[in-house]
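Student: need a structure here:
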Amino acid sequence: AVFVSGMSGTPGVGNVNINVDNLMRRLKLENSMSGMVLKMPNFCVTLICFICAIRLLVPSEQISAIHLRLYTHYGVTADDLSQVTDFEKLYDFIDAFEAANEALSATSSQYWCESRYFQLKW
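Tutor: Modelled structure (predicted):
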């Protein structure tokens, strides 16, 4: 660090100490900040357009509604899961979950196999 003293020769009276390295870093920072100020409006406009596009492509309200319907279809709400307290109820829950899964799967045996040739056994 370089210090410049001036104004008078007596210590403590009118001395000015300037750290030239810090001053140069500060001036470079301010110079780069002025370039950033010019780029900031472009960034904000681009960010707003991106957020609007994401809201159109991924509608969170509809996705959350689908998730709620799946929770109720599969029976995995907090009330349903709190009723599973022993192994017998656990196996009943798994059986009901598998039946709900087959109802949603287009390639399940429920739609493709004749009932006289297929039987689900655990």
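Student: in the longest helix along the chain, what's buried?
Tutor: What stands out as the longest helix in the chain, according to DSSP state H, is helix 20-57. Within helix 20-57, no residue counts as buried by 16 or more other Cβ atoms under 10 Å. Heads up, the C-betas are built off the backbone N, CA and C, glycines and all.
Student: next one: stretch 76-93
Tutor: Of the residues in stretch 76-93, F93 count as buried by neighbour count, 16+ other Cβ under 10 Å.
Student: quick one: terminal-to-terminal distance for that stretch?
Tutor: With Cα to Cα, to the nearest Å applied, stretch 76-93 spans 9 Å between its terminal residues.
Student: Please compute how far that stretch lies from its chain's middle.
Tutor: 31 Å (Cα atoms, centre = their mean, to the nearest Å).
Student: which SS class is the nearest residue to F93 once chain neighbours are set aside?
Tutor: Spatially, and ignoring its direct neighbours in sequence, F93 is nearest to V84 (5.1 Å; Cβ to Cβ, 6 or more residues apart in numbering). With DSSP: H, G, I helix; E, B strand; the rest coil as the basis, V84 sits in coil.
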